[in-house]
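Enquirer: the sequence and its predicted three-dimensional model are supplied below.
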Amino acid sequence: MNENQTAHRDPVVAESAPSPDTTMAMVIYALYLASFVVGFTSLVGVVIAYVYRGKGPAWLDEHYRYQIRTFWIGLLYGTVAGLLTLIVIGFPLLIALAVWLIIRCVKGFKGLQEKRAPDNPDTWLV
């Protein structure tokens, strides 16, 4: 078998390989966004992320890790911003937190659609 025949077969093998199920990761991002309306859905989302972590390919596990970090970092930012509302500066920080969460969820959705890990999952920013 020559090199051209091997190169011709590889895409076929890649296409027939089952794609990992990204449904739960998408649900978690949706739960995080739904927390703007129903506050406790982000808690449900992080529990699901902990349950599904380590059960998929590396790039999908990075999404679960990213989601877990998003929850805990968001909780920290929200607590600080909530305390700072006593001196009024917390209100713009809460708006910034909402924008931060939306951006992280959109980046996560995009990464899932492209079947790749989120960009820079260790960041505390976006």
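Expert: Done, it's in.

Enquirer: look at residue 55 and give its secondary structure.
Expert: Secondary structure for residue 55, judged by DSSP: H, G, I helix; E, B strand; the rest coil, is coil.

Enquirer: which residues touch it?
Expert: The neighbours of residue 55, taking C-beta atoms under 8 Å, 6 or more residues apart in numbering as the test, are residue 61. Placement of C-beta: from N, CA and C, glycine included.

Enquirer: what residues sit buried inside stretch 18-28?
Expert: 22, 24-28 (16 or more other C-beta atoms under 10 Å).

Enquirer: CA atoms only for it, dumped as PDB, please.
Expert: This file holds the C-alpha atoms of stretch 18-28, laid out as PDB (Å, rounded to 0.1, in the frame of the first residue of the first chain):
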ATOM      1  CA  PRO A  18     -18.000   8.100  16.700                       C
ATOM      2  CA  SER A  19     -18.000  11.700  17.800                       C
ATOM      3  CA  PRO A  20     -18.200  12.200  21.600                       C
ATOM      4  CA  ASP A  21     -21.500  13.400  23.000                       C
ATOM      5  CA  THR A  22     -21.200  17.100  23.800                       C
ATOM      6  CA  THR A  23     -24.900  17.400  25.000                       C
ATOM      7  CA  MET A  24     -24.100  17.600  28.700                       C
ATOM      8  CA  ALA A  25     -21.400  20.200  28.200                       C
ATOM      9  CA  MET A  26     -23.800  22.300  26.200                       C
ATOM     10  CA  VAL A  27     -26.500  21.800  28.800                       C
ATOM     11  CA  ILE A  28     -24.100  23.100  31.500                       C
END
